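Student: Sharing a model that was predicted from the sequence below.
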Amino acid sequence: MDIGTIIGLVVAVVAVCASALLAGQLGSMIDPMSIMVVIGGTAGAVLACFPLARILKVHAVAMKALFWSSPDPKSIIADLVKYAEIARREGILSLENHVANMNDPFIVRGIKMAVDGTDPDLIKTIMETEIEAMMDRHSSGKYMLDTMGRLAPAFGMIGTLMGLIMMLNNMDDPSAIGPGMAVALITTLYGAMIANMITGPLAEKLAARASEEVLFKTIIMTGVMSIQSGDNPRVVQSKLLTFLPPSLRESADKEAA
């Protein structure tokens, strides 16, 4: 779990609520009609935009952004170098005895194909296709969150217009001007909060997660291809370390040694 995401969202919500509380206006920031316009309207528009099956998986997208922990590339490089040493010493077929101890399904699939003698080009094609499919899934999830972030302020603006209409229709009744103005302003506030405190940060975090996972799987694919071609373990390590920034290469080199 990425605790930074949770902390960031909590800090943003607390900062807004605390400022309203300090001003003694927290209660005035809660308006059921505005909540209905912004949240209900956004939900309805999202339902109209996407297939229901994709919407039902939006919680999985959010969980991916919130709770997916980044794998340690240094650890996976150390594992791949270890597998290269086993293959070099005992033959690539011996890796089949170690598949049960491999934690990542992507490594398992790659190593199994290498052990089975699958054509290297076909192994690379299959692994690249899996990476591209993963990128498409992440891109689709980010697009859904971006759409929510775009629609919420739009419904906030619709609520603002509704509030202004109600206010103008009751100019002869001073007691109705206040509620109308409240709806006009609070809906805009709700729309901006949803876009900037929830959907926007989650979409950006999902994009960051996708980049990290692509790097992780690319390291694995390169390692499997190198093992399959019979490279020396030092060569495998040198190839994989190029994916890391220079500041991490020395510690990764020690970890793999």
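Tutor: Ah, there it is.
Student: just so I have it, where are all the strands in the stretch 1-150 of the chain?
Tutor: For the stretch 1-150 of the chain, no strands turn up when DSSP state E, counting those that start in this stretch is the criterion.
Student: which stretches of it aren't confidently modelled?
Tutor: 1-2 (pLDDT under 70).
Student: if you set the cut-off to 90 instead, what comes out?
Tutor: Across the stretch 1-150 of the chain, the ranges flagged by pLDDT under 90 are 1-10, 12-14, 16-34, 50-75, 88-89, 91-92, 96-104, 117, 134, 137-142.
Student: residue nearest the centroid of this protein?
Tutor: Closest to where the C-alpha atoms of the chain average out (Cα atoms, centre = their mean) is residue 206, at 1.8 Å.
Student: Pull the contacting residues for that residue.
Tutor: Residue 206 is in contact with 61, 64, 65, 138, 141, 142, 145, counting by Cβ atoms under 8 Å, 6 or more residues apart in numbering. Bear in mind the C-beta positions are built from the backbone N, C-alpha and C, glycine included.
Student: got the contact list for the fifth one?
Tutor: So that's residue 141. 58, 61, 64, 206.
Student: how close does the last one get to residue 164?
Tutor: Between residue 206 and residue 164 the distance, using Cβ to Cβ, to the nearest Å, works out to 36 Å.
Student: Likewise for residue 68?
Tutor: To residue 164, residue 68 is 43 Å away according to Cβ to Cβ.
Student: what do you get for residue 208?
Tutor: Taken as Cβ to Cβ, the span from residue 208 to residue 164 is 39 Å.
Student: Just give the nearest non-adjacent residue to the residue nearest to the centre of the chain, would you?
Tutor: Distances taken as Cβ to Cβ, 6 or more residues apart in numbering put residue 65 closest to residue 206, at 4.4 Å, once the chain neighbours are dropped.
Student: Does that neighbour touch residue 209 like I think?
Tutor: Yes: under the criterion of Cβ atoms under 8 Å, residue 65 lies in contact with residue 209, with a separation of 6.4 Å.
Student: tally of neighbours for residue 161?
Tutor: Counted with other Cβ atoms under 10 Å, the neighbours of residue 161 add up to 12.
Student: for residue 12, that is, sorry about that
Tutor: Residues within reach of residue 12, counting by other Cβ under 10 Å, total 15.
Student: what does residue 99 give?
Tutor: Residues near residue 99, counting by other Cβ under 10 Å, number 14.
Student: For it, which non-adjacent residue is spatially closest?
Tutor: With Cβ to Cβ, 6+ apart as the criterion, residue 99 has its nearest non-adjacent residue at 5.6 Å, and that residue is residue 108.
Student: All set, thanks.
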